[in-house]
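Chemist: no sequence on this one, just coordinates:
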């Protein structure tokens, strides 16, 4: 199955031309494909997706996330550690509190694109 890459640029997306060229002409090395696979493994957990979804538009502390998802703070902390190691969330300390948010808009876009794909007929 071949994928056609269209040269036109979407008016809402700003792709990095260097990355686009790499996608068009090069197969990533094994280290890169392993890294991509590792990120998808992190996405392969329902709880982690729910945490990411909760953080879509705001930062929250572990307590608030655990209350929203009906889970223990320990379970949320464990999953946040995994998400942070994968660079999908970031933490900000404010005194004794730590607030978590999505690492950047790319994380949100990945989930949105999968949702769009799943809703297509």
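Modeler: Perfect, I can see it now. Since the structure is predicted, the reported quantities are computational estimates derived from the model, not experimental observations.
Chemist: any low-confidence regions in the chain?
Modeler: For the chain, residues meeting the criterion pLDDT under 70 lie at 1-15.
Chemist: Can you show me the helices along this structure?
Modeler: When secondary structure is read from DSSP state H, the chain shows helices at 17-25, 30-43, 46-54, 62-69, 73-85, 105-119.
Chemist: Can you add distance to residue 96 and mean neighbour count and give those back as CSV?
Modeler: Quick note: C-beta positions are derived from backbone N, CA and C, even for glycine. Formatted as CSV, those follow (distance: least, Cβ to Cβ, whole Å; neighbours: other Cβ atoms under 10 Å):
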stretch, distance to residue 96, mean neighbour count
helix 17-25, 40, 11
helix 30-43, 28, 12
helix 46-54, 21, 16
helix 62-69, 12, 16
helix 73-85, 14, 16
helix 105-119, 26, 12
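Chemist: mind listing what the residue nearest the centre of the chain touches?
Modeler: Central residue of the chain (Cα atoms, centre = their mean): residue 107, 3.0 Å from the mean position. Going by Cβ atoms under 8 Å, 6 or more residues apart in numbering, residue 107 touches 52, 88, 89.
Chemist: Residue 93 - how many residues pack around it?
Modeler: When neighbours are defined as other Cβ atoms under 10 Å, residue 93 has 8 of them.
Chemist: Do I have it right that residue 52 meets residue 111?
Modeler: Yes - Residue 52 is within contact range of residue 111, at 6.2 Å (criterion: Cβ atoms under 8 Å).
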